[in-house]
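Participant: build me a model:
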Amino acid sequence: MAGIRIAIAGTGNCASSLVQGLEYYRTVKGSDDLVPGLMHNSLGGYLISDIEPVAAFDVDKRKVGKDLSMALFSEPNCTKKFSDIPEIGVEVMKGQVLDGVAPHMKDYFQVDNAQKPVDVASVLKKSKADILINYLPVGSEEAVKWYASQALEAGCGFINCIPVFIASDAKWADKFKKAKLPIIGDDIKSLVGATIVHRSLTQMIIDRGARIDSTYQLNVGGNTDFRNMTDQTRLKSKKISKTESVSSQIPYDASVYAGPNGCIDSLNDNKICHLKIDFKLFGNVPAYIDLKLSVEDSPNSAGVVVDAIRVAKIALDRKIGGPIYPASAYFMKHPPQQMREEEARHQLEEFIKS
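Facilitator: All right, here's what the predicted structure looks like:
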């Protein structure tokens, strides 16, 4: 089988963990040995070693012009290093800034206006990229839509890892469907992150017959994502994505809040979630779950993206365009169609087999 050629928009912590993982697990074969974070070692015939970065885009002068292997460890990246990355031979090129850099982040991201943006669609075509992965900062509405248009122009599939609504927007979904290009989105759901834990506990309480009164999820971290989200104007879609992901599992009205709640620099890429669910037992007797979750944020989503890449390539091989519904429901917080985890997993396994 041919490999999977990926392009990356935004070479931050998440991109670093993804590419580190490609190297760390490069020798994994199609056995049943457990690889943390993957659905299957061989998914639709594709191994993790079949994934190859062929293009990358950023706007920070500390990354633009460098080999991707070096850029992924450049500031302001701060995620854990768990693997060396040999020279890849892919130069990080400058994309359009647009609204990708928030006003309060202009001193944090170092943009050199003398560096001119490249024609991204042309680069994608020249590099023969199969799939473009969007890792731009939360709130980059214009920039994400621009990269989505570049993927369409170049004939690439699109994986949208942030809460700008592309796959879950009917107009954008129709554009990818007409172009016979797959899209998986929106807003990546980490392996064992705040949202999946919150959803799973909520489903369990409902399935056991208790009634939820209210629930909240508070998140803090120290990476660029959390610093970016200290500007409340960047948070609208993020709060919608996280809150709807949880509330969609509750078949009645209940008070639900989920969202980021501040940046603590010393945490770096560590994310801490405080979660509380208040519910009623038999006889309306009150009870609650109060939970703390601590995870390294970027590696927590990298394996999920590896699976999303391979599913998108299967769809490309089959010339299936538009949102891949079970993949979006299983991998993402704000898919076009919400499903329970077990239903999404079942439908996704059937999609892979067929």
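Participant: from Ser74, how far out is Pro86?
Facilitator: 16 Å (Cβ to Cβ, to the nearest Å). Glycine gets a C-beta too; all of them are placed from N, C-alpha and C.
Participant: higher neighbour count, these two?
Facilitator: Neighbour tally, Pro86 and Ser74, criterion other Cβ atoms under 10 Å: the higher count belongs to Ser74, 16 against 8.
Participant: now do the contacts for that one.
Facilitator: 60, 62-63, 66 (Cβ atoms under 8 Å, 6 or more residues apart in numbering).
Participant: does it belong to a helix, a strand or coil?
Facilitator: Here Ser74 is coil, with the state taken from DSSP: H, G, I helix; E, B strand; the rest coil.
Participant: closest to Thr230 out of the contacts of Ser74?
Facilitator: Proximity of these to Thr230 was ranked by Cβ to Cβ; the top entry is Asp60 with 18.7 Å.
Participant: who's in contact with that closest one?
Facilitator: 74, 76, 109-111.
Participant: give me that answer again for 7 Å
Facilitator: By Cβ atoms under 7 Å, 6 or more residues apart in numbering, the contact list for Asp60 reads 109-111.
Participant: what of Leu98?
Facilitator: Neighbour list for Leu98: 142-143, 146 [criterion: Cβ under 7 Å, 6+ apart].
Participant: got it, and Lys280?
Facilitator: 210-211, 213, 286.
Participant: format those as TSV; extra columns: neighbour count and secondary structure.
Facilitator: Shown next, in TSV, are the contacts of Lys280 (neighbours: other Cβ atoms under 10 Å; DSSP: H, G, I helix; E, B strand; the rest coil):
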residue	neighbour count	secondary structure
Ala210	16	coil
Arg211	13	strand
Asp213	13	strand
Pro286	9	strand
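Participant: where does Met1 land on pLDDT?
Facilitator: If you check Met1, the pLDDT there is 65.
Participant: over to the one 4 residues further on?
Facilitator: We have a pLDDT of 98 for Arg5.
Participant: ok, how many other residues are close to it?
Facilitator: 19.
Participant: separation between it and Asn160?
Facilitator: Counting by Cβ to Cβ, the gap from Arg5 to Asn160 is 18 Å.
Participant: try Met229
Facilitator: Between Met229 and Asn160 the distance is 17 Å, computed by Cβ to Cβ.
Participant: three-state assignment of Phe158?
Facilitator: strand.
Participant: that one contacts Ala151, doesn't it?
Facilitator: Yes. Counting by Cβ atoms under 7 Å, Phe158 touches Ala151, with 4.4 Å between them.
Participant: which residues do these two both contact?
Facilitator: Common neighbours of Phe158 and Ala151 (Cβ under 7 Å, 6+ apart) are Leu132.
Participant: when those two are compared, which one has more neighbours?
Facilitator: For Phe158 and Ala151, the more surrounded residue by other Cβ under 10 Å is Ala151, and the numbers stand at 29 against 26.
Participant: quick check on that one: phi, psi?
Facilitator: phi -60, psi -40 (degrees, to the nearest 10).
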